[in-house]
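>>> kindly generate the corresponding structure for this input.
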Amino acid sequence: MRVANFLVLSASAMLVWACASTQFPDSNGKSDGQPASVEVSGNDCAVMAAVAKEHYKFGPDNPPLPLKGLGESGWRPQCDWAKYSLSFSDYNDVPTSAEPRERLKWVAFQQPRYDGNGATLQTEIMHGPLAGIGYECRLHSGIAGWTVGECKTSWVS
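Presented below is the predicted three-dimensional model:
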């Protein structure tokens, strides 16, 4: 009986430790005290990278547009884009001297939502003035990692 109690207690302690939220620093290296979900530390970057590569076809021959904002307040995943063979620049780093049309080019991702069948991600891309489109993408996780199942248009400008 004591062994069973010990095992239950140990498993509970490990579960609490594993589910503890983490905090991520902002671009200045400071944490605002907003806890990040477990998905941020594990899956969010991989989900966004899958959409960037499979849906938008970003890669060496099609460089990604600048990355604009990352969704909800307090959600700031620190993605190692090189791990996914991607190289996003920051939308805020576009020079103010750049042609106005260049300043209106960007891509954005909202925080993925997970369920028992995979993840859903809201994303949007602007190619210039009045040339944007939003998508809701459904992704699946498997042996190959995260893969895009389908992306449906959610808005067009």
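>>> mind checking the SS state of the spatially closest residue to residue 72 that is not a sequence neighbour?
Of all residues not flanking residue 72 in the chain, residue 111 sits nearest, at 5.5 Å (Cβ to Cβ, 6 or more residues apart in numbering). All C-beta spots, glycine's among them, are computed from the backbone N, C-alpha and C. The three-state assignment at residue 111 reads coil, by DSSP: H, G, I helix; E, B strand; the rest coil.
>>> okay, now residue 111: neighbour count?
Look at residue 111: counted by other Cβ atoms under 10 Å, it has 21 neighbours.
>>> that one contacts residue 44, doesn't it?
Yes. In this structure, residue 111 is within contact of residue 44 by Cβ atoms under 8 Å, at 6.7 Å.
>>> who's in contact with stretch 139-151?
Contact partners of stretch 139-151, identified using Cβ atoms under 8 Å, 6 or more residues apart in numbering, comprise 43, 46-47, 49-51, 54-55, 112, 117-121, 123, 135-138.
>>> let's see it at 7 Å
46-47, 50-51, 54-55, 118-119, 121, 135-138 (Cβ atoms under 7 Å, 6 or more residues apart in numbering).
>>> now, these that are in strands?
Among those, DSSP state E puts 118, 119, 121, 135, 136, 137, 138 in strands.
>>> farthest-apart pair in these, please.
Using Cβ to Cβ, the ones in strands among the contacts of stretch 139-151 span at most 15.4 Å, a distance reached by 118 and 135.
>>> quick one: the helices in the chain?
2-19, 38-42, 44-50, 100-103 (DSSP state H).
>>> pull out the buried positions in the last one.
In this case it means helix 100-103. Buried residues in helix 100-103, counted by 16 or more other Cβ atoms under 10 Å: residue 103.
>>> how about stretch 113-125?
Residues of stretch 113-125 classed as buried by neighbour count (16+ other Cβ under 10 Å): 114, 118, 119, 120, 121, 122, 123, 124, 125.
>>> which residues of this protein score low on pLDDT?
Along the chain, the model assigns pLDDT under 70 to residues 1-42, 70.
>>> what sits against residue 108?
68, 69, 123, 124.
>>> what bridges to it?
Counting by DSSP bridges, residue 108 is bridged to residue 124.
>>> quick one: it from residue 140, how far?
Applying Cβ to Cβ, to the nearest Å, the value for residue 108 to residue 140 is 22 Å.
>>> over to residue 125?
Distance, residue 125 to residue 140, by Cβ to Cβ: 22 Å.
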